[in-house]
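Peer 1: Mind folding the following:
(chains A and B)
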There are 2 protein chains.
Amino acid sequence: MTITLSIDCMGGDHGSAITIPAAISFLAHEPEAALILVGLEAELRAELKRLKAYSHPRITVQHAAEVVAMDDPLEVALRRKKDSSMRVAVEMVKDGKAQACVSAGNTAALMAISRYVLKTMQGVDRPAICGIMPNQKNGPTYMLDLGANVDCEPHHLHQFAVMGSVLFSAMERTARPTIGLLNVGTEDIKGNEVVKATGKLLQEDHARGKLNFYGNVEGNDIFKGTTDVIVCDGFVGNVTLKAAEGLGRFMKDVMNTEFRRNPLTMIGALIAGGALKQIRNRFNPSRYNGASLLGLRGLVFKSHGSADAYSFEWALKRAFDAAKYNVQEQLSAMIAELIPCTPDRSAVIEPAVPGSTI
Amino acid sequence: MTITLSIDCMGGDHGSAITIPAAISFLAHEPEAALILVGLEAELRAELKRLKAYSHPRITVQHAAEVVAMDDPLEVALRRKKDSSMRVAVEMVKDGKAQACVSAGNTAALMAISRYVLKTMQGVDRPAICGIMPNQKNGPTYMLDLGANVDCEPHHLHQFAVMGSVLFSAMERTARPTIGLLNVGTEDIKGNEVVKATGKLLQEDHARGKLNFYGNVEGNDIFKGTTDVIVCDGFVGNVTLKAAEGLGRFMKDVMNTEFRRNPLTMIGALIAGGALKQIRNRFNPSRYNGASLLGLRGLVFKSHGSADAYSFEWALKRAFDAAKYNVQEQLSAMIAELIPCTPDRSAVIEPAVPGSTI
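Peer 2: Below is the predicted model of the structure:
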């Protein structure tokens, strides 16, 4: 069965120069995939021609006249550029022409457009961004929210836990993944008021055999791999993600500088090249590229804006897997089971430009 | 002029086996320092004897019959163990016998005891924990709060900014250090409600030429060294600190494993030994040991619980410098100038066991 992805080919720091080579390579590895490339048609066709893939049987080009810039205000992305490659790519999912959409564009714009075009799922108040961190067990730690919701109530964090659990379970083929609640200590009495109340909601689900709630986890547990999924509000998640990226870059720079400092260290680095390659590989952010925008009525994946083609291909692979493993259907089922549809919550009025302030 | 420090010699994972060797080494390097070693007298004297420092002219031993365990509940540490080494060491500061106190014990207990014994400074609602992170500019980034206050209002974060600025300025001999407000983006409109309101308070101080407010910073700016001081609430600070520690440990483990994998990588590591040593040195947490409990009527420093003697000595050095550079007096002056003593705030009733939930 063919799975079709729509790609916002103009998004990210490098646009079609990255997204199209990634798309062609992805199709070579994934015989069951088809792609709709969205963007400025002339540019996309020229790039396809250059790469000798002008008439690829599994590629369709969909013209979109506008491009959401990385620094466009939400207002511009959402209301002025109605024919942007980002929006048209998301509309492909809404119209059933694609099973998932991938963009490396402005995260806040992608979330706002996705919410506007696709709408949120029944039972979900706020979609969240779920990303992946590497851990010492050589597995992935799924973490959400990474920045879509900076002010959260306990029922929002509860919904993130449900969605993260479903995503991990489907993508990693794991029954009952463990859920950790990010906190400043492991005891139940620790944390701010929102987190303490969230802990109670998750304990109730655990007691009923619904969610596999491990309990509170701390910042270091992200990289220890203590739990499969870690839940936090978008402020904490975003700051932690960026701090980890920053520390990673710092360490990489120091390593590069020190190993190139003199002929001796350079020779040592050459001889120990296998070790250095393995170290780079373990922390290669490309392997973890492709965050899910969860809680929408359709699958949307966000690639890092600075992704190269190799890294963007990982995001395509993740979107493909999410469609293949029926993440959307599993989300609906689990949300219907675990998230009560209370009248006070369904009455919440969304702000004109939704909560996303990433 | 001699500066006297009181040391809770029983605190931390290793107690006197670490604190006393560190104390003796510190005195050898710092001729103007004197130390009051607080703890179980027989144990301390035995350790001093073993290290041939039984009659050191600048060491006094102060007996305290109890020890706060690393996992003692606040209640026990604060109310039951009134003759603990931690409490007696803090009392030395209150009684003017020491200019600063250092402990590697339970952070929450140290904060609670310090608040109870010393009281908070006039104008400060909540003391904060200020720690140091390494950055790419090879300088320190001061960050607070690291976990004393998990629910903060804008005026609390404002006070942290004032205190962090004074500490950096005094300790690093820098006029007008730059202050960053930790956020999910750099634009003023980003962030949750508390952070946005804090930004306004800091901008007002900046406009009046009082604080050198840089603006919003993101998680990666901690390690870039974008600003000298970074302000955040204790929840975000604690999670970020622990995540950074966790990632650092992960990277260290992977490096150790990979360089020891086979004879070739081991030879490479030997040859490039200078580079590896420099890398370890840049990220050595010992160099950054010694967090300040700011906003109390006396100087209290917290060493990491797992500190070795070398690392604990750094914490002693930081406490010594804080006393030498009159941090306490500078704090009082700056707080009197910048923090309005409004009646509604001074009327806040502190909870029985203060806000600290680290």
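Peer 1: what number of residues lie near A:P73?
Peer 2: Residues lying near A:P73 (other Cβ atoms under 10 Å in any protein chain shown) number 16. Backbone N, C-alpha and C define where each C-beta goes, glycine included.
Peer 1: nope, A:F223 is what I was after
Peer 2: Neighbours of A:F223 (other Cβ under 10 Å): 25.
Peer 1: shouldn't it be in contact with B:A243?
Peer 2: Yes: the criterion here is Cβ atoms under 8 Å, and A:F223 meets it with B:A243 at 7.2 Å.
Peer 1: Find residues that contact each of these two.
Peer 2: Residues touching both A:F223 and B:A243 (Cβ atoms under 8 Å, 6 or more residues apart in numbering or on different chains): A:A244.
Peer 1: Now do A:D72 against A:V231, distance only.
Peer 2: 30 Å (Cβ to Cβ, to the nearest Å).
Peer 1: of those two, who's got more company?
Peer 2: Counted by other Cβ under 10 Å, A:D72 and A:V231 do not tie: A:V231 has more neighbours, with 33 against 20.
Peer 1: so A:S16 makes contact with A:L44?
Peer 2: Yes: counting by Cβ under 8 Å, A:L44 is a contact partner of A:S16 at 5.9 Å.
Peer 1: Who has more neighbours out of these two?
Peer 2: Using other Cβ under 10 Å as the criterion, A:S16 and A:L44 rank with A:L44 on top: 26 against 22.
Peer 1: In contact with that one, which residues are there?
Peer 2: Counted by Cβ under 8 Å, 6+ apart, A:L44 has contacts A:C9, A:S16, A:I20, A:L37, A:V61.
Peer 1: Domains in chain A, by residue range?
Peer 2: Chain A breaks down by automatic domain parsing into domains covering A:1-122+A:295-358, A:128-290.
Peer 1: So what's the residue count around the nearest residue to A:S292 once chain neighbours are set aside?
Peer 2: Using Cβ to Cβ, 6 or more residues apart in numbering or on different chains and skipping the chain neighbours, the partner closest in space to A:S292 is A:C130 (4.6 Å). Using other Cβ under 10 Å, A:C130 has 27 other residues around it.
Peer 1: With A:N281 instead?
Peer 2: Counted with other Cβ under 10 Å, the neighbours of A:N281 add up to 12.
Peer 1: Now do the helices in the stretch 101-250 of chain A.
Peer 2: Assigned by DSSP state H, counting those that start in this stretch, the helices in the stretch 101-250 of chain A fall at A:107-118, A:154-172, A:193-207, A:221-224, A:234-259.
Peer 1: so, in contact with chain B or not, the third one?
Peer 2: Yes: with Cβ under 8 Å from any Cβ of the partner chain as the criterion, chain B is reached by helix A:193-207 at A:E193, A:V195.
Peer 1: The longest one now?
Peer 2: Yes: counting by Cβ under 8 Å from any Cβ, chain B is contacted by helix A:234-259 at A:234-236, A:238-251, A:253-255, A:258-259.
Peer 1: Can you mark which positions in that helix are buried?
Peer 2: A:234-248, A:250-251, A:254-255, A:258-259 (16 or more other Cβ atoms under 10 Å in any protein chain shown).
Peer 1: Helix, strand, or coil at A:I36?
Peer 2: For A:I36, the assignment made with DSSP: H, G, I helix; E, B strand; the rest coil gives strand.
Peer 1: Next one: A:R318 from chain B, what distance?
Peer 2: Going from A:R318 to chain B by Cβ to the nearest Cβ, to the nearest Å gives 22 Å.
Peer 1: How about residues contacting the helix or strand hosting that residue?
Peer 2: Counting by DSSP states H and E, the element that carries A:R318 is helix A:309-324. Helix A:309-324 is touched from outside by A:3, A:5, A:7, A:12, A:18-19, A:21-23, A:25-26, A:29-30, A:32-33, A:99-102, A:104, A:167, A:170-171, A:285-290, A:292, A:299, A:301-304, A:307, A:328, with contacts defined as Cβ under 8 Å, 6+ apart.
Peer 1: Tell me what angle it forms with helix A:154-172.
Peer 2: 100 degrees (axes from the mean of the first three to the mean of the last three Cα atoms, to 10 degrees).
Peer 1: check contacts around the residue nearest to A:Y54 when sequence neighbours are not counted.
Peer 2: Once flanking residues are discounted, A:Y54 sits nearest to A:L48: 4.8 Å by Cβ to Cβ, 6+ apart. Residues in contact with A:L48 (Cβ under 8 Å, 6+ apart) are A:I20, A:I24, A:L37, A:Y54, A:H56, A:I59, A:V61.
Peer 1: C-alpha coordinates for the stretch of helix or strand A:L48 belongs to, PDB please?
Peer 2: Here A:L48 sits within helix A:41-50, counting by DSSP H and E. Only the C-alpha atoms of helix A:41-50 are listed here, as PDB (Å, rounded to 0.1, in the frame of the first residue of the first chain):
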ATOM      1  CA  GLU A  41       6.800  25.000  -9.400                       C
ATOM      2  CA  ALA A  42       9.600  26.300 -11.700                       C
ATOM      3  CA  GLU A  43      12.200  26.100  -8.900                       C
ATOM      4  CA  LEU A  44      11.100  22.600  -7.900                       C
ATOM      5  CA  ARG A  45      11.100  21.300 -11.500                       C
ATOM      6  CA  ALA A  46      14.500  22.800 -12.200                       C
ATOM      7  CA  GLU A  47      15.900  21.100  -9.100                       C
ATOM      8  CA  LEU A  48      14.300  17.800 -10.100                       C
ATOM      9  CA  LYS A  49      15.800  18.100 -13.600                       C
ATOM     10  CA  ARG A  50      19.200  18.900 -12.100                       C
END
